[in-house]
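# Okay, here's the prediction I keep looking at, along with the sequence it came from:
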Amino acid sequence: MDKIKVLVVDDHDLIVLAARQIFSKVPDIKLIGVASDGEEAYQKIKELKPDVVILDVILPGIDGIELTRKIVAEFPATKVVLHSSSVSEDMIVTGFEAGAMAYVPKNFKPGQLIEAIHTVVKGEHYSKGFVSEILIENFLKSKTKKDGQNNKLTDRETEILQAITKGMTNQQLADNLHISVRTVEAHKSNIMKKLKISSTAELVVYAIKHKIVKI
């Protein structure tokens, strides 16, 4: 079985050291490189093509959020796990909107980081514990009047929503469902209109809250 190739991007030596120690004990994960700033990380992603990037949100040069957008646009096979020493609703939601598949705090337990990596390589979002609570709280505060309105999804719309929460692109959805990308986009637009939702992050939270997907 091929090992999961991981690149760690962090300008703190202790975090890098901790990651090295953790991954050395996990047989199916291989640390293939480290970087200390956004530019170096971008170059190493181009060269090494990691499966997963553990990415600090606050970095010299290109910050973690902007780098996430670049990774998602240019290296769609690479999954992003964000981490930070501070936690805020805006930062987490913005990270998920940018295309990150997971968030793990810097005071992570080894099991959290390993579970996050295993989850995102399957194309699924990792959002447990306080992260789920923050996202759901943010969702509820901004969408308190939404429930009870005309938001019943069709079976096909539910299927597409489930796929979206797993990080699938419009093209992947179209290929899997044997429909055109334009049809996928139309379904996604209809879902957002029905639910009165304006971002992919909110779609993920809606799916979690209504048990359309399991976390």
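Nice, I can see it.

# Within the helices and strands, which one has the closest residue in space to residue 180 that isn't next to it in sequence?
Distance criterion C-beta to C-beta, 6 or more residues apart in numbering; nearest residue to residue 180, sequence neighbours excluded, is residue 174 at 5.9 Å. For every residue, glycine as well, the C-beta is placed using N, CA and C. Counting by DSSP states H and E, the element that carries residue 174 is helix 170-177.

# contact partners of that helix?
156, 159, 160, 163, 164, 168, 180, 181, 183, 184, 185, 188 (C-beta atoms under 8 Å, 6 or more residues apart in numbering).

# helix or strand right after it?
Sequence order places helix 181-195 as the next helix or strand after helix 170-177, per DSSP H and E.

# Now do the helix or strand just after that next one, average pLDDT.
Using DSSP H and E, the helix or strand that directly follows helix 181-195 along the chain is helix 200-209. In this model, helix 200-209 has a mean pLDDT of 80.

# likewise stretch 10-28?
Per-residue pLDDT over stretch 10-28 has a mean of 89.

# Contact partners for residue 126?
Contacts of residue 126 by C-beta under 8 Å, 6+ apart are 81, 101, 102, 103, 104, 115, 116, 119, 120.

# so can I have CSV of those residues showing distance to residue 35 and neighbour count?
As requested, these are arranged in CSV below (distance: C-beta to C-beta, whole Å; neighbours: other C-beta atoms under 10 Å):
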residue, distance to residue 35, neighbour count
81, 14, 24
101, 19, 27
102, 18, 27
103, 19, 26
104, 18, 21
115, 23, 16
116, 19, 26
119, 23, 19
120, 19, 24
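
# now, which of those residues lie within helices?
115, 116, 119, 120 (DSSP state H).

# how about the residues you listed in JSON lines, adding pLDDT and distance to residue 24?
Putting the ones in helices among the contacts of residue 126 into JSON lines (pLDDT from 0 to 100; distance: C-beta to C-beta, whole Å) gives the following:
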{"residue": "115", "pLDDT": "92", "distance to residue 24": "17"}
{"residue": "116", "pLDDT": "92", "distance to residue 24": "18"}
{"residue": "119", "pLDDT": "90", "distance to residue 24": "21"}
{"residue": "120", "pLDDT": "92", "distance to residue 24": "20"}
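
# pLDDT at the residue most central in space within the chain, what is it?
The centroid of the chain falls nearest to residue 101 when counting by C-alpha atoms, centre = their mean (1.2 Å). Note on residue 101: pLDDT of 89.

# residues in contact with it?
With contact set as C-beta under 8 Å, 6+ apart, residue 101 has these partners: 79, 80, 81, 119, 120, 123, 124, 125, 126, 167.

# quick one: it and residue 11, what's the gap?
Going from residue 101 to residue 11 by C-beta to C-beta, to the nearest Å gives 22 Å.

# quick check, nearest of the contacts of residue 101 to residue 39?
residue 80 (16.5 Å; C-beta to C-beta).

# Isn't that closest one up against residue 69?
No - in this structure, residue 80 is not within contact of residue 69 by C-beta atoms under 8 Å, at 9.7 Å.

# pull the helix or strand with minimum mean pLDDT from the protein.
Least confident helix or strand, the chain: helix 130-142 with a mean of 57, by mean pLDDT, DSSP states H and E.
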